[in-house]
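J.: Just to be clear, the model below is a prediction. Sequence and coordinates:
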Amino acid sequence: MVFYVIGLGLGDERDITLRGLDAVKKCSKVFLEHYTSVLGVDKDALEALYEREVTLADRDFVECQAEAIYQEAKESDVALLVVGDPLCATTHTDIIIRARETGAEVQVIHNTSVMGAVASCGLQLYQFGQTVSIPFFDDKWRPDSFYPKIAYNAIGKMHTLCLLDIKVKEPDFQAMMRGQTKFMPPRFMTVNTCIAQLLEVEERIGEGHCAPDVMGVGLARLGQPTQCIVAGTLQELLDVDFGGPLHSFVVCGELHDLERDYLAPYMVTAETPRLPPPTPDEDGAAEEGDEVLPGDRDIF
C-alpha cells in the first residue's frame, strides 16, 4: 500500500499531472491539505474530475491528526493533495518523515509551485536568494525577523521572494472564552499589506533594503487565467489593485538587462488600477490593517 503526496499545481483541478491523476484514482481515500495554501476552485471540482470523494484537512487536522491520513495507508492506497508542489512547505516534509517512520511506502508526485512560477515576471530564478514569509502584524506582534534575510539577499544583489500570510479556519479566541467554538473569516494577505509592513519595518531598522524607492514585483493568482503582475517601486505599488488572492511579492535585487526588458510590460503606469481609499470607521478614521480584496471570490 502507498501513501501518495501529490502536488496539484497553482490553477484548478486540471493542473494535476497525469501521473498524479492515475495515483488518485487508485486511492480509497483522498485528503486535500487546506492549511498552507488554497486552490482557485472548490473541492467539488476536484471530486468531479478525480472521481473520488475529497476530505478537507484543515490546520487542526494537519497539525494534530495527520497520523489519521498516513495510517490509512496500512490498509489501502491513500493520497494527500497539496496545492503547488508537495515539498515547498515544511509541514508536508514533517508528515512524510512521520509516515516513513511507521513503515509506510511514500511516493511524492511533484507539480508547479510559486517557487518556480515567480519566473513569470521575468526575474531569473538563479538570481533569487532566501525566500521569506511575511506574517500579518497585529497590535502586539510586529516582527521583523524576515528583514535580515532580505538584507542578505540585497547585499548579494539577489531577489527575495516573499510568501504572504493566509489565515484559514483560525479560531476565534474571544468566542472560545465564552464557551463557543467559532472560527475567524478567511484572510489572505495582499501585496499592499505586505508592502505597508515592509515599509514600517524599514522605518524601524533603516538599512534601506525595503525603502520606498526599492524595486518590487507584485504577483497575484499565479498560474490562473486572471494572473496579475505589476512591477514598480514599493511606493508606486502600495495602492495598486491586484485583485483577489493569492498574492506574493518580490523585493528586487540587482536587475539584469534581460530582466528589465521582460519586466517592461508589467511596469506600473497611470492606467494601472488602484485601490479605493480605506473605509473610515464611525469616528472618521481609517482602520489600521483594513484588507481590501476587490474581485475576491469564494475560496474553500
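T.: Everything's here; your move.

J.: tell me which residues of the lowest-mean-pLDDT helix or strand in the chain are tucked away?
T.: Ranked by mean pLDDT, DSSP states H and E, the weakest helix or strand in the chain is helix 173-177, scoring a mean of 73. Of the residues in helix 173-177, none count as buried by neighbour count, 16 or more other C-beta atoms under 10 Å. Glycine gets a C-beta too; all of them are placed from N, C-alpha and C.

J.: Tell me the helix or strand right after it.
T.: strand 187-188 (DSSP states H and E).

J.: Figure out how far that next one is from the centre of its chain.
T.: 10 Å (C-alpha atoms, centre = their mean, to the nearest Å).

J.: helices or strands up against that strand?
T.: The contact analysis (3 or more C-beta pairs under 8 Å, 6 or more residues apart in numbering; DSSP states H and E) places strand 187-188 against strand 166-167.

J.: pLDDT (mean, whole number) over the strand it packs on?
T.: Mean per-residue pLDDT for strand 166-167: 89.

J.: partners of that strand, with directions?
T.: strand 187-188 (antiparallel) (DSSP bridges).

J.: count of neighbours near Val108?
T.: Using other C-beta atoms under 10 Å, Val108 has 17 other residues around it.

J.: which helices and strands does the host helix or strand of it pack with?
T.: Using DSSP H and E, the element containing Val108 is strand 105-109. Counting contacts by 3+ C-beta pairs under 8 Å, 6+ apart, strand 105-109 packs against strand 2-7, helix 18-26, helix 90-101.

J.: could you check the angle helix 90-101 makes with the first one?
T.: Relative orientation of strand 2-7 with respect to helix 90-101: 170 degrees, computed using axes from the mean of the first three to the mean of the last three C-alpha atoms, to 10 degrees.

J.: Can you tell me what sits against strand 2-7?
T.: 16-17, 20, 23-24, 26-27, 69-70, 73, 77-86, 92, 95-96, 99, 104-113 (C-beta atoms under 8 Å, 6 or more residues apart in numbering).

J.: Filter these down to the buried ones.
T.: Buried among the contacts of strand 2-7 by 16+ other C-beta under 10 Å: 16-17, 20, 23-24, 27, 69-70, 73, 77-86, 92, 95-96, 99, 104, 106, 108-113.

J.: you'd agree Asp12 is up against Gln224?
T.: Yes: counting by C-beta atoms under 8 Å, Gln224 is a contact partner of Asp12 at 7.4 Å.

J.: Spit out the residues that contact those two alike.
T.: Joint contacts of Asp12 and Gln224 (C-beta under 8 Å, 6+ apart) are Gly40.

J.: Now stretch 264-281: buried residues?
T.: Neighbour counts using 16+ other C-beta under 10 Å place Tyr266 of stretch 264-281 among the buried residues.

J.: got it, and stretch 197-217?
T.: Gln197, Leu198, Leu199, Val201, Glu202, His209, Cys210, Val214, Met215, Gly216, Val217.

J.: can you pull the contacts of Cys229?
T.: Actually, residue 229 is Ile. It isn't Cys. Ile229 makes contacts with Ser120, Cys121, Val217, Gly218, Leu219, Ala220, Tyr266, as judged by C-beta under 8 Å, 6+ apart.

J.: Tell me the helix or strand right after whatever helix or strand it lives in.
T.: Assigning secondary structure by DSSP H and E places Ile229 in strand 228-233. Following strand 228-233 in sequence order, the next helix or strand is helix 234-237 (DSSP H and E).

J.: and that next one, average pLDDT?
T.: Taken as a whole, helix 234-237 carries a mean pLDDT of 98.

J.: With distance to Pro245 as added columns, please give the helices and strands packed on strand 105-109 in a markdown table.
T.: Shown next, in a markdown table, are the helices and strands packed on strand 105-109 (distance: least, C-beta to C-beta, whole Å):
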| stretch | distance to Pro245 |
| --- | --- |
| strand 2-7 | 19 |
| helix 18-26 | 24 |
| helix 90-101 | 19 |
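
J.: closest one to Val240 among these?
T.: With C-beta to C-beta, the closest approach to Val240 among those belongs to strand 2-7: 29.7 Å.

J.: Next, the angle helix 18-26 makes with that closest one.
T.: 130 degrees.

J.: Name every strand pairing with strand 2-7 and say which way it goes.
T.: strand 78-82 (parallel), strand 105-109 (parallel).

J.: Can you pull out the low-pLDDT segments for this structure?
T.: 170-173, 280-300 (pLDDT under 70).

J.: quick one, helices of this protein?
T.: 18-26, 43-50, 59-64, 67-70, 90-101, 114-117, 147-155, 173-177, 191-205, 234-237, 257-263 (DSSP state H).

J.: nearest to Pro276, of the ones you listed?
T.: Pro276 lies closest to helix 191-205 among these, at 11.6 Å (C-beta to C-beta).

J.: Understood, closing this out.
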